[in-house]
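Visitor: only the shape, not the letters, is given here:
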Ligand code: GLU
């Protein structure tokens with residue numbers, strides 16, 4: 001498996017060859033400000049003690065407090081967290097919000113823990129890191145396998161340790177615990193706004209056939225929004241299965257089926273396919289919404305989508321980027337395409353600090369112009385520099401970070 005941090009640094013090398021940002025900025029962005037590794041002892045339900053490995057990487061805070069989610073996954077390790085933290089710094093810059101980049105994680109399969117164990121583990125992560133966190137220092141949020149409920153436990157633990165009560169240290173909290181309206185669907189929705197802003201520029205029809213890889217918070221919400229706007233979702237997948245129906249899937253029924261059987265497999269009227277087949281389906285738009293490194297030099301040549309929207313972080317390797325560029329398949333990069341999530345996180349932080357509560361309408365009215373502006377500026381930067389969108393977004397981000405640094 002390619003190392004995500006090495007991939008991120010290859011991207012940084014590429015952009016520094018396209019445009020001169022000065023050696024100092026590039027050198028500083030080759031390393032996080034700090035990377036913290038912790039061990040978290042957890043008393044398991046059977047009375048034994050288990051030690052888990054955890055992380056917080058604070059990459060860059062030129063634009064504001066370190067910001068970024070916490071990932072719970074059995075394969076999460078420091079290089080992944082470093083790459084994700086680097087991308088967060090650029091993502092906040094592209095979205096033009098006053099936040100830096102950070103990321104956290106725990107190497108764990110949360111499905112194997114009881115609720116009590118999960119809560120003790122989450123509180124344990126905060127106990128080890130309370131010194132470095134804070135509304136003006138480092139503000140975590142959910143990521144893969146972390147939920148609003150986990151954010152509420154963490155925020156509560158942080159408040160108990162430090163006395164801080166604004167709630168602004170963690171975003172993505174449940175609404176009744178200081179969360180923002182619109183934060184749940186924000187990443188999928190923001191992805192749709194970005195797509196909609198760039199649709200004609202990337203040559204896509206008014207009604208697209210869409211394939212979505214991943215059916216977690218991001219993928220499922222994106223599917224819903226695309227379908228709501230008249231696009232046809234022809235295939236979706238989760239970690240275990242993938243289904244395809246050329247005429248379009250009825251998402252409500254798909255969700256009910258997944259709920260009832262805990263899988264997408266054998267959805268009536270659809271064909272079971274493999275994850276590889278899903279990625280290679282002919283369609284207008286392919287949206288990877290799961291993990292890193294799903295489109296690599298191994299399968300890039302076989303991609304038949306007319307365009308790709310990266311709702312996941314890092315789903316395409318640098319080698320695959322080149323292949324797709326040569327094939328003329330535009331890729332709307334992660335640091336733009338999935339920036340709606342952190343943008344609404346920033347709104348949540350602002351509401352908490354000002355003791356305000358915004359309506360869903362207000363939140364969405366603030367999100368849309370930011371996404372439009374980020375999309376069009378990325379497009380312009382790519383055009384001006386005769387490069388692809390990822391490099392356009394990198395140029396936009398590095399210019400903004402450099403200005404502040
Ligand atoms: N984990 C999300 C991301 O990768 C959201 C981060 C946040 O809201 O701070 O963008």
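Guide: Cool, the structure landed. Keep in mind the model is a prediction, meaning the values are calculated, not measured. Numbers count the residues shown, from 1 in each chain.
Visitor: quick one: terminal-to-terminal distance for stretch 232-243?
Guide: 14 Å (C-alpha to C-alpha, to the nearest Å).
Visitor: and it, what's buried?
Guide: Buried residues in stretch 232-243, counting neighbours by 16 or more other C-beta atoms under 10 Å, are found at 232, 233, 234, 235, 236, 237, 238, 241, 242, 243. The way it works is simple: take the backbone N, C-alpha and C, and place the C-beta from them, glycine included.
Visitor: taking the stretch 201-350 of the chain, what residue is nearest to the ligand?
Guide: Of all residues in the stretch 201-350 of the chain, residue 345 sits closest to the ligand, at 3.2 Å by C-beta to the nearest ligand atom.
Visitor: quick check: closest non-adjacent residue to that residue.
Guide: Once flanking residues are discounted, residue 345 sits nearest to residue 171: 3.7 Å by C-beta to C-beta, 6 or more residues apart in numbering.
Visitor: quick check: that neighbour touching residue 182?
Guide: No. At 11.9 Å, residue 171 and residue 182 do not qualify as touching, with contact defined as C-beta atoms under 8 Å.
Visitor: looking at these two, which is more packed in?
Guide: Using other C-beta atoms under 10 Å as the criterion, residue 171 and residue 182 rank with residue 171 on top: 31 against 24.
Visitor: identify the residues contacting the more buried one.
Guide: 139, 140, 141, 151, 179, 180, 183, 345, 346, 348, 349 (C-beta atoms under 8 Å, 6 or more residues apart in numbering).
Visitor: what helix or strand does it sit in?
Guide: Applying DSSP states H and E as the criterion places residue 171 outside every helix and strand.
Visitor: next, the residue of the stretch 151-300 of the chain found nearest the ligand: phi, psi?
Guide: Closest residue of the stretch 151-300 of the chain to the ligand, C-beta to the nearest ligand atom: residue 171 (5.5 Å). Note on residue 171: its backbone torsions stand at phi -110, psi 170 [degrees, to the nearest 10].
Visitor: how close does it get to residue 148?
Guide: Distance of residue 171 to residue 148, given as C-beta to C-beta, to the nearest Å: 10 Å.
Visitor: please apply the same query to residue 243.
Guide: 28 Å.
Visitor: ok, which stretches of the stretch 51-200 of the chain are helices?
Guide: Ranges of helices in the stretch 51-200 of the chain, per DSSP state H, counting those that start in this stretch, are 78-95, 115-129, 148-162, 186-198.
Visitor: cheers, nothing more for now.
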